[in-house]
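*Asks:* sequence isn't available, so here's the structure alone:
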C-alpha cells in the first residue's frame, strides 16, 4: 500500500495550443496552482515572441491560485513590452471571481467568449 504522505500528486494541468488567424490560443485544462503552474508558464514561453498575440482560454480551468495570477501577469508584461498582447477568454465562475478579487481583470483584457478575445 502506498504511503499517502509520500505519494506525488497526479498531473492536474494540461495545455492545448493552436493558432487562429495568427493568434496563439492556449487552453489549459485542470487546476493552475503552485504544483502545476510551470506547465502553463512553459506553454506561454514557447509561443512568446516579439509582437505575439496570445489568448488564454480559461473555460476548462477549475481552480487558479496566486501562482496562476503571477504567471499571467508575467506573460502580459513580456508580451506588451515587445508589442504583443495577452487576452483572457471564457473564465469559469470560480476563476473569474479570483481574477476580479485580485484586480487582474482591470490589467489584462478578459472576455466572455473566445471570438471576443480574438477580435482586434
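*Replies:* Here it is on my side, so go on. In this text, all values refer to a predicted model and were calculated from it rather than measured experimentally.

*Asks:* distance-wise, check residue 85 relative to residue 44.
*Replies:* Separation of residue 85 from residue 44 (CB to CB, to the nearest Å): 13 Å. For every residue, glycine as well, the C-beta is placed using N, CA and C.

*Asks:* what residues do those two have in common as contacts?
*Replies:* By the contact definition CB atoms under 8 Å, 6 or more residues apart in numbering, residue 85 and residue 44 are jointly contacted by residue 54.

*Asks:* ok, the two, which is more surrounded?
*Replies:* Comparing residue 85 with residue 44 by neighbour count (other CB atoms under 10 Å), the higher total belongs to residue 44, at 25 against 16.

*Asks:* enumerate every residue touching the residue nearest to the spatial centre of the chain.
*Replies:* Most central residue of the chain, judged by C-alpha distance to the mean C-alpha position with CA atoms, centre = their mean, is residue 56 at 4.8 Å. The contact partners of residue 56, taken as CB under 8 Å, 6+ apart, are 25, 26, 27, 28, 40, 44, 72, 75, 86, 87, 88, 89.

*Asks:* residue 82 now?
*Replies:* Applying CB under 8 Å, 6+ apart, one finds that residue 82 lies in contact with 48, 49, 50, 51, 52.
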